[in-house]
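Enquirer: From the sequence below, what's the structure:
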Amino acid sequence: MEFIKKFTKKDFVISVTTGFYTGFIVWRVFEFLEVSVFNKLFSLVSWNIDISSAWMMVLVPVLWILGVNLGYFLGQWMTFFNQFGRFSAIGFTNFVVYLAILDLFIWKTGIAAGIWYSIFISIAFIISVLHSYWWNKYWVFSAGDSDVAGQFFKFVVVTVLAGLVNVGVASFVVNFTDPLFDISPESWANIGGVAGSAVALIFSFIGIRLVVFKKPEL
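Expert: Okay, the predicted model is just below:
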């Protein structure tokens, strides 16, 4: 099948690498939030099974491999998906890196709302931009070493705009809405980050694809 032929050794190595450290960060974030996703899922079917979230380090790489392959499969009909599968994997990876930095600030300071929260997510976003640029340039869009300065400038512009969207949405959720279902301030802060990043992901893909790394369809 065509989509299997497109899934290269490079795709496999990057999917496993980014998936592994994404799973590791997710595991540690769940520990910080005292959340056990697997146990909650099993409790829904009345299974009393205690499974550590450390298994995310195995599960996430598998999901990344499947996601990239799904993108290639859908790309047989819409070439847009050839890049979107990889972009989504890096997008989620980048979000987890961003979330880890945010939680590190919250853990160290005990602050999960207000102006300092907005500052924390701004710093986390800036750091995650560098992480995102590398993977998008050399894997997602395969831009190589051409026009590094110009592409990086446009990438920064697009990501700053996406960052404003991110900060705005996340800050609105955390600072202007009350936590639902008795969720803790720390968990609500993370939900704000999820909402901001989800909107920013769509915004940034459109901008990066059409402005930063624009080239003929694969």
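Enquirer: Centroid-nearest residue for the protein?
Expert: Phe92 (2.2 Å; Cα atoms, centre = their mean).
Enquirer: Okay, and that residue sits in which element?
Expert: helix 80-109 (DSSP states H and E).
Enquirer: Can you name the next helix or strand after that helix?
Expert: Immediately after helix 80-109, counting by DSSP H and E, sits helix 115-135.
Enquirer: List of residues touching that next one?
Expert: Helix 115-135 has contacts (Cβ atoms under 8 Å, 6 or more residues apart in numbering) with 14, 18, 90-91, 93-95, 97-99, 101-102, 105-106, 109, 111, 152, 155-156, 159, 163, 166-167, 170-171, 174-175, 189, 193, 196. Glycine gets a C-beta too; all of them are placed from N, C-alpha and C.
Enquirer: Whichever of those end up buried, select them in PyMOL.
Expert: In PyMOL, this line selects whichever of the contacts of helix 115-135 come out buried by 16 or more other Cβ atoms under 10 Å:
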select buried, resi 14+18+90+91+93+94+95+97+98+99+101+102+105+106+155+156+159+163+166+167+170+171+174+189+193+196
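Enquirer: quick one: Ile90 and Asn136 touch, right?
Expert: Yes - using Cβ atoms under 8 Å, Ile90 is in contact with Asn136, at 6.3 Å.
Enquirer: show me where pLDDT drops low in this structure?
Expert: Along the chain, segments meeting pLDDT under 70 span 1-5, 33-52, 144-145, 215-218.
Enquirer: which residues in it form helices?
Expert: 2-6, 9-33, 37-44, 56-74, 80-109, 115-135, 148-176, 185-207 (DSSP state H).
Enquirer: and the angle for the longest one with helix 9-33?
Expert: The one in question is helix 80-109. Helix 80-109 and helix 9-33 are oriented at 30 degrees to each other (axes from the mean of the first three to the mean of the last three Cα atoms, to 10 degrees).
Enquirer: swap in the last one?
Expert: Using the same axes, to 10 degrees, the interaxial angle of helix 185-207 with respect to helix 9-33 works out to 160 degrees.
Enquirer: outside of helix 185-207, which residues touch it?
Expert: If you take Cβ under 8 Å, 6+ apart as the criterion, helix 185-207 is touched by 29, 32-33, 35, 84, 87-88, 91, 95, 98-99, 102-103, 106, 112-113, 117, 121, 158-159, 161-163, 165-171, 173-174, 179, 183.
Enquirer: Just the buried positions in it, please.
Expert: By neighbour count on 16+ other Cβ under 10 Å, the buried set for helix 185-207 is 186-193, 195-197, 199-201, 203-205, 207.
Enquirer: separation between Ile127 and Ala200?
Expert: 15 Å (Cβ to Cβ, to the nearest Å).
Enquirer: One more: Ala170?
Expert: 9 Å.
Enquirer: What of Trp27?
Expert: Counting by Cβ to Cβ - Trp27 and Ala200 are separated by 24 Å.
Enquirer: same thing with Ala89?
Expert: Taken as Cβ to Cβ, the span from Ala89 to Ala200 is 16 Å.
Enquirer: cool, Gly193 as well?
Expert: Gly193 is 10 Å from Ala200, by Cβ to Cβ.
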